[in-house]
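Q: Provided below for reference: sequence and predicted model.
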There are 2 protein chains.
Amino acid sequence: MTTAEKIKKYEDWVFRVSAYSMALSIIGIDKMTVAPPGGAAYRDEREAFLSGELFSIETDPEIIEILGELKDDETIDPATRRAAQLYHRNAMNTVCIPKEEYVAFRRLQNESYDAWLSAKSKDDYSLFAPYLQKVIETQKKMYGYRKSDMDIYDQMLDDFEPGMNREKYDAFFAALKERLVPLIQCVAKATPLNKSCLSQHFAIEKQKQFTKHLLAYLHFDKEWGYQNETEHPFTSWTCENDCRTTTKYVEDNLISVILSTVHEVGHATYEHDVAPEFDGMILSEGISSGMHESQSRLFENYLGRSLPFWQANYPLLQETFSPQLANVGVEEFVAAMNASRPGLVRTEADELTYPMHILIRYELEKALFSGNLSTEGLDRVWDDMYEKYLGVRAEKASESILQDVHWADGSFGYFPTYALGSAFAAQFVAKMKEDIDVDEALRDNRFDLCVAWLKEHVHRHGCMYDADEIMRIATGKPFDVNIYLDYLEEKYTRLYGLKEEK
Amino acid sequence: MTTAEKIKKYEDWVFRVSAYSMALSIIGIDKMTVAPPGGAAYRDEREAFLSGELFSIETDPEIIEILGELKDDETIDPATRRAAQLYHRNAMNTVCIPKEEYVAFRRLQNESYDAWLSAKSKDDYSLFAPYLQKVIETQKKMYGYRKSDMDIYDQMLDDFEPGMNREKYDAFFAALKERLVPLIQCVAKATPLNKSCLSQHFAIEKQKQFTKHLLAYLHFDKEWGYQNETEHPFTSWTCENDCRTTTKYVEDNLISVILSTVHEVGHATYEHDVAPEFDGMILSEGISSGMHESQSRLFENYLGRSLPFWQANYPLLQETFSPQLANVGVEEFVAAMNASRPGLVRTEADELTYPMHILIRYELEKALFSGNLSTEGLDRVWDDMYEKYLGVRAEKASESILQDVHWADGSFGYFPTYALGSAFAAQFVAKMKEDIDVDEALRDNRFDLCVAWLKEHVHRHGCMYDADEIMRIATGKPFDVNIYLDYLEEKYTRLYGLKEEK
């Protein structure tokens, strides 16, 4: 076969993969947003079958051979070579699994998601525990097929964040613990910031009005994006011009919808801004979970919680909720939304305690996969960990072990990327601030200038380079966790007037 | 191959077909409700490819052979035999088309839909005309492949309503014209009914509140159904427990959302109530377009526009819109919503003038497919027909030739089933009223009793019998258009006090 023939076969195959991927993506979005629950079993069974169809396409021996050749072919263009490498890696990780087990696992994932949703609504971990147990056992079996030298949990970590493993994460979290635990303790002893202005009654209709304005400020365009409502906000996409987010309105919490909107738009913007020539192929996505989370958290924390951001947006917010915010100045509002207080729910955590939520999940996952921990009684272990690290204990399973969706479909190794992403973001922001006047852009309704910087230095690359390369390209140096820790220390020392105590 | 082996192959195949059909259904719903327009071209191309995958499955020669044997096999159960007959008929109509032309037509349908949507929003028929022309030409070619003795438009009519053709529809519409044209003229000369109470300002949020109540009254359950919003209300489904409707809120029109809700719930209830053992196969759907429309129009016109229906629901409506409806009694409200006035838009037409809207479309379709009429200047011909039959002339293309979606994807022959369905409904209602006290059920919040009658006599059969058989099973006699015409004559004579004039 000539190279041109190989490329032709490869391109036809990429199109087929993209068609099935699109269908599965839309079926998934539909399931999580609007699909009537009564039809879940019917749909899930067929979704699993279609996943099996994609499995067959992706593991076609002829294609694996072609990918194996293209990935090392120095005569073809670098983007195709890079894409072939990534496709080949995925195919090798998939082809070792018997198809019927793969399809059965998809079915299990769907069932487990439904069981989690129902268990959460009933606040009953025991309804979910058997599924969690089965998902863990099946994941161990699935990863076992790879016959890798790596430990199974290391493989999972590597899947979500290529290059990462327990050793590196242990070092990362050790660095976090070393500097954040004392900082959290100092903040706990300091005079608390008044957050009461954020938890009054805020009519949902008015929150919706303000969210519309916020989406415009963020340059989130209906032409390529949309925002729906779900219990658990997420972002999903089918292509460059189809990036969807969801959010959730809470009547007695003003910043929940605001921060989740800004966060998810960060994900969506990353997907939208990948170079259009990558559309429809593997290069068109964010390179890793950590890199994705870096963009959403950069939007949410570094921009969305900043004073200049609210100097632009607070007048309208205050006008929208005039009785509630009449006597709250913009500085006071920004301080309130940055106040740190240990809590039960990860997605509602402040920037400072957030990494502790992740640390807990990381330690639990390690123990679950080393065999030291069982799903039986895991809810109590969870609560004990929260007591140990954050000094709080939940009364409801929906606010403790059932709060997150990730384990329901077997996404172990995903959580650690959330902490890593927050740390990546600090380094991007530091560099962005060297290049452009971020504060002025935010104040002047020029959020697009921040987006343009990110597009140029991060987003457009898609999967063309690994995360560590993108970090180097964008910031000129390798990832350094201290930039993140310095940022948190400076911010919270200032916010709580801790300077003298240090 | 033994019969058991054939049945096994057949059942595996039915499952595969149902999986692809589900995916395409969800992609279609997504496109029409929430999908960002910027991604349309990307998605449409892949949707067309997946339609081609289904085409290949449906036209697999081995399966066509098995279907051909099963459809006449008296030893197998009647439901499987009936399903094999219907699948075989569809496969024979499809297998004659070259696959690449089939896929190209799917692409064209998607593009044409997008062009129609854009043309409608810009009120510019010229943006849509080239697509319409191409769709008509392609449909002629597609139907030509069947090498049927039947005229092409007759084949289209038969596809939507098996057994129907131009000869039968000509007779049907002649009967309508003979009795309805004089009636419409009498009504036009009578003292007009006051409709002004319906066109005040009605806050959308309050309309939404009332719609929630209405859905509960109709026994439309979130477990198996949902309601979304779209510019053009429709109903779609993937299985027994997944039947979706959409509606549209209009600020200065109170009954638009009410009637469209009741109408679409009629469609959804039909799909939901088909016998569960048919789920996932061809028998699980409504038998024909006319039969489907009979159910939606039965809900909308015969129940939803009746006094007993509003004796149950008006108190809440009046309370919801207390300033606007304070001085409007329930009889006055029902008279207003039944008032007849020739208008431009089919979906907003009253019961009496509605068939005229259909007649216009039927005559245009006949002329388009006999070659007597071209798409160039078709907008003017449309307007002339409205002037001739209804005495009104549109100023905007969005209210004339661009108002309906059906032609955009080539659904010619569909419209006539709307008039037929209204007529079917009259006969079902007459029989239902012999069996149960419909008025009392509506007044007593027992809409479920009407649904139960329809389920028992119509819905549960799905595609097990042809429409004319179901009519006989349900009402004890063949379809008789005079029941419909008697109903309209009685209703409008009474409503406008015409008795003496006749």
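A: Happy to help now that I have it.

Q: residue closest to the middle of chain A?
A: residue A:293 (4.5 Å; CA atoms, centre = their mean).

Q: which residues touch the nearest residue to that one once chain neighbours are set aside?
A: Setting aside the residues directly before and after it, residue A:293 is nearest to residue A:421 in space (CB to CB, 6 or more residues apart in numbering or on different chains), at 2.7 Å. For glycine as for every other residue, the C-beta is placed from the backbone atoms N, C-alpha and C. Neighbouring residues of residue A:421 by CB atoms under 8 Å, 6 or more residues apart in numbering or on different chains: A:289, A:290, A:291, A:292, A:293, A:294, A:295, A:296, A:297.

Q: Quick check: the last one touching residue A:428?
A: Going back to what we said before, that points to residue A:297. No. In this structure, residue A:297 is not within contact of residue A:428 by CB atoms under 8 Å, at 10.1 Å.

Q: neighbour-wise, which of those two wins?
A: residue A:297 (26 against 23; other CB atoms under 10 Å in any protein chain shown).

Q: What's the separation between residue A:38 and residue B:239?
A: 9 Å (CB to CB, to the nearest Å).

Q: give me the number of residues near whichever residue of the stretch 351-500 of chain A sits closest to chain B?
A: For the stretch 351-500 of chain A, the residue closest to chain B is residue A:462, as judged by CB to the nearest CB, at 15.5 Å. By the criterion of other CB under 10 Å, residue A:462 has 27 neighbours.

Q: I'd say residue A:420 and residue A:297 touch.
A: No. With contact defined as CB under 8 Å, residue A:420 does not reach residue A:297; the gap is 10.1 Å.

Q: So what pairs up with residue A:247 in the strands?
A: Bridge pairing for residue A:247 (DSSP bridges) gives the partners residue A:229.

Q: Helix or strand next in line after the helix or strand bottoming out on mean pLDDT in chain A, which one?
A: Every helix and strand of chain A was ranked by mean pLDDT, DSSP states H and E. The lowest is strand A:225-229, at a mean of 92. Moving toward the C-terminus from strand A:225-229, the next helix or strand (DSSP states H and E) is strand A:235-239.

Q: out of residue A:38 and residue B:239, which sits in the more crowded spot?
A: residue B:239 (25 against 18).

Q: distance between stretch A:322-333 and the chain's centre?
A: From the chain centre to the centre of stretch A:322-333 is a distance of 31 Å (CA atoms, centre = their mean, to the nearest Å).

Q: ugh, typo on my part, it should be stretch A:157-169
A: The chain centroid and the centroid of stretch A:157-169 are separated by 15 Å, computed with CA atoms, centre = their mean.

Q: By residue count, tell me the biggest helix in chain A.
A: Secondary structure of chain A per DSSP state H: the longest helix is helix A:3-33.

Q: and that helix, which residues are buried?
A: A:6-7, A:9-10, A:13-14, A:16-33 (16 or more other CB atoms under 10 Å in any protein chain shown).

Q: and chain B, which of the residues you listed contact it?
A: Contacts with chain B within the buried residues of helix A:3-33, counted by CB under 8 Å from any CB of the partner chain: A:16, A:18, A:19, A:20, A:22, A:23, A:26, A:27, A:29, A:30.

Q: what's the closest non-adjacent residue to the fourth one?
A: Of all residues beyond its chain neighbours, the one nearest residue A:20 is residue A:54 (4.1 Å), with distances taken as CB to CB, 6+ apart.

Q: and if you look at the first one?
A: Closest residue to residue A:16 in three dimensions, ignoring its sequence neighbours and counting by CB to CB, 6+ apart: residue A:57, at 5.5 Å.

Q: Might one say that the one you found is in contact with residue A:12?
A: No. Between residue A:57 and residue A:12 there is no contact under CB under 8 Å: 10.6 Å.

Q: does residue A:241 really touch residue B:42, like I thought?
A: Yes. Using CB under 8 Å, residue A:241 makes contact with residue B:42 at a distance of 6.8 Å.

Q: out of the two, which sits in the more crowded spot?
A: Neighbour totals were compared for residue A:241 and residue B:42, and residue A:241 leads with 22 against 18 (other CB under 10 Å).

Q: Need the nearest residue in space to the more buried one, chain neighbours excluded.
A: Using CB to CB, 6+ apart, the nearest residue to residue A:241 is residue B:38, at 3.2 Å.

Q: cool, and residue A:284?
A: Spatial nearest neighbour of residue A:284, chain neighbours left out: residue A:278 (4.1 Å); criterion: CB to CB, 6+ apart.

Q: Measure how buried the one you found is and give me the count.
A: Residue A:278 has 20 neighbours, counted by other CB under 10 Å.

Q: and it, what does it touch?
A: By CB under 8 Å, 6+ apart, the residues touching residue A:278 are A:79, A:284, A:462, A:463, A:464.

Q: which residues of the stretch 401-502 of chain A score low on pLDDT?
A: By pLDDT under 70, the weakly predicted segments of the stretch 401-502 of chain A are A:500-502.

Q: go with 80
A: A:499-502 (pLDDT under 80).

Q: Could I get the full set of helices for it?
A: With helices called from DSSP state H, counting those that start in this stretch, the stretch 401-502 of chain A shows them at A:416-435, A:438-443, A:447-457, A:467-475, A:481-495.

Q: interface residues of chain A facing chain B?
A: Checking chain A against chain B by CB under 8 Å from any CB, the hits are A:15-16, A:18-20, A:22-23, A:26-27, A:29-30, A:34-39, A:42-43, A:46, A:49-50, A:205, A:221-226, A:228, A:238-244, A:279-280.

Q: before we move on, the earlier item: for the residue of the stretch 351-500 of chain A closest to chain B, list the residues it contacts.
A: Contacts for residue A:462 (CB under 8 Å, 6+ apart) come out as A:274, A:275, A:278, A:283, A:284, A:285, A:286, A:287.

Q: nearest to residue B:89, of those?
A: Closest approach to residue B:89 among the contacts of residue A:462 (CB to CB): residue A:284, at 42.0 Å.

Q: Distance of that closest one relative to residue A:387?
A: Separation of residue A:284 from residue A:387 (CB to CB): 44 Å.

Q: nearest spatial neighbour of residue A:135, skipping sequence neighbours?
A: Distances taken as CB to CB, 6+ apart place residue A:410 nearest to residue A:135, at 4.5 Å, with adjacent residues excluded.
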